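>>> predicted coordinates and the sequence they were generated for:
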Amino acid sequence: MPVTNFPIDYFSSVATPFYYYDLRLLDNTLNAILEASSDPAFCVHYAVKANPNPKILQRIAASGLGADTVSIGEINAAVAAGFPASKIMFAGVGKTDEEIRMALLIGVGCLNVESAAELEVIEEIAASMKKKAPVALRVNPEIDAHTHHYITTGLAENKFGIAMSMLDGLIDHCNKSEWIDFKGLHFHIGSQITTFEPYKILCERILRLLEKYPYMEFKIINVGGGLGIDYDDPDANPIPDFKGYFQVFKENLPLKPGQQLHFELGRAIVGQCGSLISKVLYVKEGVDKKFVILDGGMTALIRPALYQAHHKIENITLKSEIMEKYDVVGPICESSDTFGTDELLPLTRRGDLVAIRSAGAYGEAMASGYNCQPLPGSLFSR
Ligand SMILES: *Cc1c(COP(=O)(O)O)cnc(C)c1O
């Protein structure tokens with residue numbers, strides 16, 4: 001039994017391609033998170049970059065989660081959706097002076113700083129505004145990528161974060177600065193992590209690091225995001241194992257009184273509730289292959305072209321018993337504009353609607369106008 005039902009009649013009035021969001025699944029996902037993270041020291045933030053659609057943001061803000069942002073555009077979207085400024089975190093390696101000024105003015109909860117150069121600029125701007133800047137330092141936990149192939153952003157030499165060897169000096173600087181309100185440390189090890197092992201390793205690293213600073217009070221420990229979803233079988237696993245995820249931190253990262261543990265989940269919150277709905281323009285009979293050519297391609301959903309990601313593809317018009325193998329492609333002039341090769345689908349015809357599943361995260365958010373394609377619209381379950 002599919003989790004998301006596709007109301008085809010309701011779809012006929014909308015121009016394809018568009019994103020369809022199952023708000024009931026989003027609500028169930030949010031409830032599962034709230035239930036699993038009820039520890040009062042746990043603060044869950046939604047990584048807005050995964051999907052800044054206003055309706056999705058409003059829903060998440062209403063659930064009480066905070067927001068993790070990477071630009072003034074995302075901060076403004078979060079404020080408009082109802083996130084309180086104090087629950088908005090501002091991260092990113094390239095914050096502009098204007099963005100820093102605006103973030104301080106709005107009163108975001110924390111700026112996650114990614115370099116010594118950035119810390120200096122924040123301090124200057126805070127001083128000029130006579131306003132203390134709440135700051136956490138993003139640290140690379142230096143977990144070797146070979147330890148786990150998911151870990152791609154936690155290495156020592158990386159555009160993200162601060163190397164552990166440089167941390168001493170920066171913490172010192174924060175402690176002495178009149179204009180920095182030092183909050184704590186931030187970590188993020190990667191994305192689409194589907195086992196808990198990397199998080200256990202992260203907890204060990206954090207504990208070892210904290211031991212080096214027994215005299216310091218870290219009010220915030222932020223463990224980032226990255227919890228993955230089941231792209232192969234969204235109907236079997238529509239909601240990630242949040243209970244297991246939060247349990248890892250409960251068991252492996254003991255907190256001091258007054259300390260907060262922050263989480264920044266993106267994909268795990270919105271990934272499964274969205275599908276890209278596209279229309280079949282042509283079924284092209286090649287020499288050895290059949291191609292299903294959709295009206296939505298990599299400009300609507302770039303993950304397959306960008307990361308060789310695979311999303312489950314469903315013909316939601318037909319319930320034919322006859323199955324055929326197709327390469328499912330978009331209309332864009334790039335050979336990487338392919339959603340799947342040798343996909344087994346029911347006999348497919350021109351005009352059928354196809355759902356590309358698990359597209360709620362990094363789908364609509366990454367849509368582009370390449371080939372002068374219009375941006376995909378969005379439709380919500382009732
Ligand atoms: C992208 C990102 C996240 C969210 O990642 P997901 O894989 O969507 O959970 C959280 N924190 C930081 C610092 C990020 O860059």
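Thanks, I have the structure now. Residues are numbered from 1 along each chain as shown.
>>> show me where the stretch 201-350 of the chain has helices.
With helices called from DSSP state H, counting those that start in this stretch, the stretch 201-350 of the chain shows them at 242-252, 267-270, 303-307.
>>> I'd say Lys200 and Asn252 touch.
Yes. Between Lys200 and Asn252 there is a contact under Cβ atoms under 8 Å: 5.6 Å. Any C-beta I mention is one placed from the backbone N, CA and C, and that applies to glycine too.
>>> please report phi then psi for the closest residue to Ile302 other than its chain neighbours.
Distances taken as Cβ to Cβ, 6 or more residues apart in numbering place Met366 nearest to Ile302, at 5.0 Å, with adjacent residues excluded. Backbone torsions for Met366, taken as degrees, to the nearest 10, come to phi -110, psi 10.
>>> which ones are touching Ser275?
Going by Cβ atoms under 8 Å, 6 or more residues apart in numbering, Ser275 touches Thr4, Phe6, Tyr19, Tyr20, Asp22, Ala355, Ile356, Arg357, Ser358, Ala359, Gly360.
>>> run the chain-centre distance for the one helix or strand the fourth one maps to.
Spelled out, that is Tyr20. Taking DSSP states H and E as the criterion, Tyr20 maps to strand 18-21. Relative to its parent chain, strand 18-21 has a centroid offset of 17 Å by Cα atoms, centre = their mean, to the nearest Å.
>>> kindly report the same for stretch 371-382.
A distance of 19 Å separates the centroid of the chain from that of stretch 371-382, by Cα atoms, centre = their mean.
>>> got the CA coordinates for it in CSV?
Backbone C-alpha positions of stretch 371-382 (Å, rounded to 0.1, in the frame of the first residue of the first chain) are rendered in CSV as follows:
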residue,chain,number,x,y,z
ASN,A,371,17.2,25.8,-21.6
CYS,A,372,14.7,28.6,-20.6
GLN,A,373,12.6,26.0,-18.9
PRO,A,374,10.0,27.4,-16.5
LEU,A,375,10.4,26.6,-12.9
PRO,A,376,8.2,23.7,-11.7
GLY,A,377,5.2,24.7,-9.6
SER,A,378,4.0,23.0,-6.5
LEU,A,379,0.7,21.4,-5.4
PHE,A,380,-0.2,20.2,-1.9
SER,A,381,-2.3,17.3,-0.7
ARG,A,382,-5.7,18.3,0.8
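>>> show me the contact partners of that stretch.
Outside stretch 371-382, the residues that touch it by Cβ under 8 Å, 6+ apart are 4, 7, 10-11, 14-15, 17-24, 53, 55, 276-277, 296-297, 299-300, 331-333, 364, 367, 369.
>>> could you turn the buried ones of the residues you listed into a PyMOL selection?
Applying 16 or more other Cβ atoms under 10 Å to the contacts of stretch 371-382, the buried members can be selected in PyMOL as follows:
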select buried, resi 4+11+17+18+19+20+21+22+53+276+277+296+297+299+300+331+332+364+367
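>>> paired strands for the strand of greatest length in the chain, with orientation please.
Ordering each strand of the chain by length in residues (DSSP state E) puts strand 274-285 first. Using DSSP bridges, strand 274-285 pairs in its sheet with strand 18-21 (antiparallel), strand 290-294 (antiparallel), strand 353-356 (antiparallel).
>>> before we move on, the earlier item: could the helices of the stretch 201-350 of the chain be laid out in CSV, adding mean neighbour count, distance to Asp172 and mean pLDDT?
Shown next, in CSV, are the helices of the stretch 201-350 of the chain (neighbours: other Cβ atoms under 10 Å; distance: least, Cβ to Cβ, whole Å; pLDDT from 0 to 100):
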stretch, mean neighbour count, distance to Asp172, mean pLDDT
helix 242-252, 17, 28, 98
helix 267-270, 29, 36, 98
helix 303-307, 17, 39, 96
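>>> residues of the stretch 251-382 of the chain that sit close to the ligand?
Listed as neighbours of the ligand in the stretch 251-382 of the chain under the rule Cβ under 6 Å from any ligand atom: Glu264, Leu265, Gly266, Arg267, Ala268, Ala361.
>>> the fourth one and Ala361 touch, don't they?
Yes. Between Arg267 and Ala361 there is a contact under Cβ under 8 Å: 4.0 Å.
>>> find residues that contact each of the two.
Contacts common to Arg267 and Ala361, judged by Cβ under 8 Å, 6+ apart, are Ala50, Ile229.
>>> ok so, going back, ok, and for the longest strand of the chain, which residues are buried?
The neighbour-count check on strand 274-285 (16+ other Cβ under 10 Å) flags Gly274, Ser275, Leu276, Ile277, Ser278, Lys279, Val280, Leu281, Val283 as buried.
>>> could those go into CSV alongside pLDDT?
Putting the buried residues of strand 274-285 into CSV (pLDDT from 0 to 100) gives the following:
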residue, pLDDT
Gly274, 98
Ser275, 98
Leu276, 98
Ile277, 98
Ser278, 98
Lys279, 98
Val280, 98
Leu281, 98
Val283, 98
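>>> nearest to the ligand, of those?
Of all the buried residues of strand 274-285, the ligand sits closest to Gly274, with 13.0 Å by Cβ to the nearest ligand atom.
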